[in-house]
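# the amino acid sequence is not available; the structure is as follows:
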């Protein structure tokens, strides 16, 4: 039996705690500060990107495996696809009525 399978997943616990801290920080900034809406959204967006990167590395094991490049390319492709879908949806919903 592999020793790694029976080990306590300390990296998962650390990742979970850091995710909770980032979430509570975003909630605290949104609810407890008197910053402008634009600044709050920028801070929350930054914390969201940090948390997404943390989740990819700690829970989805993006940096593990034989070929880390393939996983990175797949994630970049997924992000690109999501951006195209969202941008295309906004474009069609904003300007689609002009064709009628």
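Cool, the structure landed. Here the structure is a predicted model, which means the values were calculated and not measured.

# the helix or strand encompassing residue 14 packs against which elements?
Taking DSSP states H and E as the criterion, residue 14 maps to helix 10-32. Counting contacts by 3 or more C-beta pairs under 8 Å, 6 or more residues apart in numbering; DSSP states H and E, helix 10-32 packs against helix 37-58. For every residue, glycine as well, the C-beta is placed using N, CA and C.

# on contacts alone, who are the packing partners of the helix it packs on?
Counting contacts by 3+ C-beta pairs under 8 Å, 6+ apart, helix 37-58 packs against helix 10-32.

# ok, back up a step: residues making contact with the helix holding residue 14?
Identification of contacts with helix 10-32 by C-beta atoms under 8 Å, 6 or more residues apart in numbering yields 35, 40, 43-44, 47-48, 50-51, 54-55, 57-59.

# domains of this protein?
Domains of the chain are assigned by automatic domain parsing as 1-64, 67-100.

# and those, which is most packed in?
Highest mean neighbour count among these (mean count of other C-beta atoms under 10 Å): domain 1-64, with a mean of 12.

# how far does it sit from the chain's center?
Computed by C-alpha atoms, centre = their mean, to the nearest Å, the chain-centroid distance of domain 1-64 equals 8 Å.

# can we start the residue count at 115 from this point?
Got it, the first residue is 115 from now on, which makes the last one we talked about domain 115-178.

# one step back: for the record, mean pLDDT for the helix holding residue 128?
Mean per-residue pLDDT for helix 124-146: 92.

# what about this structure, any weak spots by pLDDT?
Where the chain drops to pLDDT under 70, the residues are 115-119, 177-180, 182, 211-214.
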